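S.K.: just the structure for this:
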Amino acid sequence: MIKKTFPIIFILLSFCGQEDSFLDNNQSETLPTENLKTENLQTTTTAVEVVQLDTFENIPYYIIKDQSKVGYLAPKQFLNSGLETVEGTTNEIVGKFTLTLSECDQADSCLYITDLAIKVNISSLKSNNSIRDRAIKNQWLESTLFPDAVFTIEELVIPNKDFDSKVEDTIIGKLTIRDIELSTPFSITAFLDSGLIFISGFTEIDTTWFGFAAPTKFNAWEVLNPIGIKVDLVAGQTD
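M.R.: This is a model prediction of the structure:
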């Protein structure tokens with residue numbers, strides 16, 4: 001197995017929402033990949049051992065919730081003031097997918113992903129403000145009524161260079177929030193290390209696509225679309 005050191009940029013991501021008291025304190029269409037923005041991303045660089053892997057077939061992987069996180073980044077604009085980014089996160093995540101690495105016609109090797117399904121309990125999203133979190137659940141996102149956000153891919157092929165344990169790509173799957181399903185692209189970085197798969201990704205959504213308006217308070221502030229969605233997942237062969 002040939003080894004080489006490769007710097008990996010981990011991309012963090014997000015979900016949405018808010019109400020009056022919350023912010024006082026502090027459809028069906030494909031989202032175009034070229035409109036994805038990354039200026040609000042926080043990034044961390046680390047050195048990772050990227051290796052050339054042997055082929056494998058139909059290996060099931062499961063999301064390890066204690067090592068994973070999903071969240072939102074919501075830009076909040078105050079009147080005659082600067083922009084603040086509100087962030088909320090949760091690790092109430094369950095998910096699985098099946099992975100194959102083998103030769104293919106598109107590149108030196110390909111990753112084949114099948115039956116990917118990731119479910120996030122967005123009613124458990126927490127920021128640094130409990131009033132905000134209640135407003136998201138009860139008024140804006142209404143996650144008390146619609147607690148699950150689900151991302152699915154039935155089948156996906158990702159070209160991979162020379163059986164590398166790292167991929168960087170844009171993937172498109174079905175994102176369902178508030179029972180509204182949209183084809184949604186995620187920019188991702190993923191790598192396999194010591195039997196675990198680390199996946200970081202980012203996309204942006206407009207709240208109106210999922211049936212709710214971005215919060216605002218007249219003559220005080222407004223939350224601006226688009227809202228960022230960030231994911232930072234770890235998957236293993238057991239959950």
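S.K.: given the strand or helix carrying I197, what are its sheet partners and their directions?
M.R.: Assignment of secondary structure by DSSP states H and E places I197 within strand 196-205. Each strand paired with strand 196-205, and its direction, by DSSP bridges: strand 180-193 (antiparallel), strand 227-236 (antiparallel).
S.K.: any chance of these in TSV, plus mean pLDDT, mean neighbour count and distance to I136?
M.R.: For every residue, glycine as well, the C-beta is placed using N, CA and C. Output for the strands paired with strand 196-205, formatted as TSV (pLDDT from 0 to 100; neighbours: other CB atoms under 10 Å; distance: least, CB to CB, whole Å):
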stretch	mean pLDDT	mean neighbour count	distance to I136
strand 180-193	96	19	17
strand 227-236	98	22	11
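S.K.: of all the ones you listed, which one is nearest I64?
M.R.: Relative to I64, the nearest member of those by CB to CB is strand 227-236, separated by 4.8 Å.
S.K.: please save the CA atoms from the closest one in CSV.
M.R.: Included here for strand 227-236 are C-alpha records, laid out as CSV according to Å, rounded to 0.1, in the frame of the first residue of the first chain:
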residue,chain,number,x,y,z
ILE,A,227,-29.2,29.6,4.7
GLY,A,228,-26.2,27.4,4.9
ILE,A,229,-26.4,23.7,5.7
LYS,A,230,-23.2,22.0,7.0
VAL,A,231,-22.5,18.4,7.8
ASP,A,232,-19.5,16.8,9.5
LEU,A,233,-20.0,13.0,9.6
VAL,A,234,-18.1,10.0,10.7
ALA,A,235,-19.2,6.5,9.5
GLY,A,236,-18.0,3.1,10.5
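S.K.: related to what we said a few turns ago, report the strands that pair with the helix or strand that comes right after the strand holding I197, each with its relative direction.
M.R.: Proceeding C-terminally, strand 196-205 gives way to strand 216-217 as the next helix or strand, assigned by DSSP H and E. Partners of strand 216-217 in the sheet, by DSSP bridges, are strand 221-223 (antiparallel).
S.K.: quick one, what contacts the closest residue to I197 other than its chain neighbours?
M.R.: In space, not counting the residues next to it along the chain, I197 is nearest to A235; the distance is 4.5 Å by CB to CB, 6 or more residues apart in numbering. Counting by CB atoms under 8 Å, 6 or more residues apart in numbering, A235 makes contact with 61-64, 95-97, 196-197, 199.
S.K.: check N58 too.
M.R.: N58 is in contact with 98-100, counting by CB under 8 Å, 6+ apart.
S.K.: residues touching the closest residue to I180 other than its chain neighbours, list them.
M.R.: The spatial neighbour of I180 that comes closest, neighbours along the chain excluded (CB to CB, 6+ apart), is F210 at 5.0 Å. Under the criterion of CB under 8 Å, 6+ apart, the contact partners of F210 comprise 27, 177-178, 180, 182.
S.K.: strands of this structure, start to end?
M.R.: Ranges of strands in the chain, per DSSP state E, are 3-11, 43-51, 56-63, 69-78, 83-90, 93-102, 109-121, 148-160, 166-177, 180-193, 196-205, 216-217, 221-223, 227-236.
S.K.: closest one of the contacts of F210 to A117?
M.R.: Among the contacts of F210, I177 lies closest to A117 (CB to CB), at 14.9 Å.
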